[in-house]
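Undergrad: what follows is a predicted structure for the sequence shown.
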Amino acid sequence: MKTIRLYISVLFFSIISGLLYANIRPSIFDKLGYEEVVDVSMTLDLDALSADWRNDEKHPATLSYKNAAGELETWNIKVKLRGKFRRMHCNTTPPLKIYFDKEDLKMADLAKHNDFKLVNYCLEDKIVAKELLVKEYLTYKMYNTLTPESFRVQLLKITYKDTKSNRRLKQLGFLIEDTAQLRKRIEANKYDKAQENGGPIPFAIAQMQTMSVFQYMIGNADWHWTMEKNIKFVERNGKVLGIPYDFDFAAVVDAPYAIPNVNYGLTDLSERIYLGIQEDISTIAPVLATFEAKKEAILKLVKDTKLLNSAARKEILEYLESFYVDLSVETLTGSTRIASYVPVELHDD
């Protein structure tokens, strides 16, 4: 009997220890975050990958980088094309999703979070492409400044090595945090909209307001909460949170391929429109106060981004300042045009 009790005690301790250890284990994303920009090499068959633009096949590749201790790490990974719009319109390297092997991560004492979106160049003009990529990366960082309930990003200086021709291509890119890791970090769970059976979604109002005002601030009309367009829903304590992503159609990014969202009658990309839940605007004042309190931190983030030239930083700063000039409940209310929405797809990544 004592043996059985001892066995149960040891088993219980092992399970609890394992759970605690799982909670503190860093991920491969965390390991890559020791510098603002990390040099990595990715070796793969670029032609085979590009030829697969109609499918979702995973292709073998290797990823190498020097870690914080200066030691070279090489990982066997798989990559596949992602998105609809970008995979058809990106003329250089296509947008990718990267998959690490979970067993390899486990052997390295890392968390199991293993799949990441990689945002890379989408234009042949490398100067313009780099600027747009940094602007979108900066937009994620601005939202990180406002709330931890946001996707983290990591800049990479990537050297692509083609296995067939040995040609090399160097460019910037950035990884977007694994959604499962985001959920774990903010102590949230997966959310299935179907469970509401057509009823109202129990949103965390202040969080949704923060997200909606941020989209308004950056001039992004390429999202929609009712259609879950460019927004990931998660659930925490019975409330639903919306985590935004994909900002390349925002005015602060100002991509040459971005167009005004005619679904709302917009005629210029710089025009702002509030697309949050109209019924909640009357309670939005505390959220607007948070934006006021974070103003200097957001502007400083832009000013300190030396990967952008001074002209690009000035344009972003002027656009953000225009948001703060007339930030009020009345302004947001006057900009809503939800009733006129007609779903016409711009793009969907």
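TA: Alright, I've got the coordinates.
Undergrad: mind giving me the domain split of this structure?
TA: The chain breaks down into these domains under automatic domain parsing: 26-180, 188-340.
Undergrad: in a markdown table: those, plus mean neighbour count.
TA: No exception for glycine: its C-beta is placed from N, CA and C like everyone else's. Output for the domains of the chain, formatted as a markdown table (neighbours: other CB atoms under 10 Å):
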| stretch | mean neighbour count |
| --- | --- |
| domain 26-180 | 17 |
| domain 188-340 | 16 |
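Undergrad: ok, which stretches of the stretch 101-250 of the chain are strands?
TA: Secondary structure of the stretch 101-250 of the chain by DSSP state E, counting those that start in this stretch: the strands cover 115-119, 153-162, 168-176, 189-190, 231-236, 239-244.
Undergrad: packing partners for the third one?
TA: For strand 168-176, the helices and strands in contact under the criterion 3 or more CB pairs under 8 Å, 6 or more residues apart in numbering; DSSP states H and E are strand 115-119, helix 126-146, strand 153-162.
Undergrad: save the domains of the chain as CSV, and put in mean pLDDT too.
TA: Putting the domains of the chain into CSV (pLDDT from 0 to 100) gives the following:
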stretch, mean pLDDT
domain 26-180, 90
domain 188-340, 91
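Undergrad: nearest to residue 98 among the helices and strands packed on strand 168-176 would be which one?
TA: strand 115-119 (5.0 Å; CB to CB).
Undergrad: one step back: I'd like the strands of the stretch 101-250 of the chain as CSV, with distance to residue 62 appended.
TA: Formatted as CSV, the strands of the stretch 101-250 of the chain follow (distance: least, CB to CB, whole Å):
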stretch, distance to residue 62
strand 115-119, 15
strand 153-162, 9
strand 168-176, 14
strand 189-190, 31
strand 231-236, 29
strand 239-244, 31
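Undergrad: out of those, flag the one nearest residue 220.
TA: Between residue 220 and the strands of the stretch 101-250 of the chain, the tightest spacing by CB to CB is seen for strand 239-244, at 8.0 Å.
Undergrad: how about the helix or strand just after that closest one as CSV, C-alpha atoms only?
TA: Where DSSP states H and E defines the elements, the next helix or strand beyond strand 239-244 is helix 285-293. Extracted in CSV, the C-alpha atoms of helix 285-293 (Å, rounded to 0.1, in the frame of the first residue of the first chain):
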residue,chain,number,x,y,z
ALA,A,285,-13.3,57.4,-23.3
PRO,A,286,-10.9,55.4,-21.0
VAL,A,287,-9.4,53.6,-24.1
LEU,A,288,-8.8,57.0,-25.8
ALA,A,289,-7.1,58.2,-22.6
THR,A,290,-4.7,55.2,-22.8
PHE,A,291,-3.8,56.2,-26.3
GLU,A,292,-3.0,59.7,-25.1
ALA,A,293,-0.9,58.3,-22.3
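Undergrad: next, the angle from the next helix or strand after helix 285-293 to helix 126-146.
TA: Downstream of helix 285-293, the first helix or strand assigned by DSSP H and E is helix 295-303. Orientation of helix 295-303 against helix 126-146 (axes from the mean of the first three to the mean of the last three CA atoms, to 10 degrees) gives an angle of 160 degrees.
Undergrad: residues contacting the closest residue to residue 247 other than its chain neighbours?
TA: The shortest distance from residue 247 to any non-neighbouring residue, by CB to CB, 6 or more residues apart in numbering, is to residue 139 (4.3 Å). Residues near residue 139 by CB atoms under 8 Å, 6 or more residues apart in numbering: 218, 247, 250, 252-253.
Undergrad: how about residue 62?
TA: Residues in contact with residue 62 (CB under 8 Å, 6+ apart) are 41-44, 74-77.
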